[in-house]
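Asker: Here is the input, now give the coordinates:
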Amino acid sequence: MILLQNLRTDAEKQIGGTAFPAMIDWATATNKAIAPLTFPAALHYLMKDQKMTVEHLEETSLISTRTIIRLSNDPEYGVTREHIAALLVGLTLPPVISMELLRKAGLAMKNTSLHNTYTMILCMMYSSTIESVTPGRT
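Answerer: Below is the predicted model:
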């Protein structure tokens, strides 16, 4: 327990005081809120929570409005790891929520170069712009 307290204290100093505990509280509450939801309902919830319109999410994820609408409304629409990674970066969701949304989509990351790339993006670059994550893509 002391180790966790020290880690949290160190993280608070790096992130700016009370911001880190607030982020943990938000992530915990958000994961509880989306736990009973299907993938489309969870995506819709997260968009609303982040105050993200479909049009704004299109800009921040480079996923078309039509695809976002399908993903957030149709449980049968096939979601891909690429869609999820782009949407999660577009929503700037922390890894703990990203992993839950991947699980809801029925997608597991395998030990391949591509899947490890997606995982590293979701864990380390989730607050970056999609353009910096996908250089050269227009």
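Asker: List of residues touching stretch 44-61?
Answerer: 30, 33-34, 37, 63-65, 68-69, 72-73, 86-87, 89-93, 97, 101, 129-130 (CB atoms under 8 Å, 6 or more residues apart in numbering). C-beta here means a position set from N, CA and C on the backbone, and glycine is covered the same way.
Asker: So which bits of stretch 84-102 are buried?
Answerer: Going by neighbour count (16 or more other CB atoms under 10 Å), the buried part of stretch 84-102 is 84-91, 93-94, 97-102.
Asker: Return the distance of the longest helix seen in the chain from the chain's centre.
Answerer: Criterion DSSP state H: the longest helix present in the chain is helix 19-34. The chain centre lies 13 Å from the centre of helix 19-34; the measure is CA atoms, centre = their mean, to the nearest Å.
Asker: what do you get for stretch 34-48?
Answerer: On CA atoms, centre = their mean, the centre of stretch 34-48 falls 12 Å from that of its chain.
Asker: rewinding a little: show me the buried residues of stretch 84-102 that map onto helices.
Answerer: Counted as lying in helices by DSSP H, out of the buried residues of stretch 84-102, are 84-91, 97-102.
Asker: Am I right that residue 96 is in contact with residue 31?
Answerer: Yes: taking contacts as CB atoms under 8 Å, residue 96 lies within contact range of residue 31: 6.6 Å.
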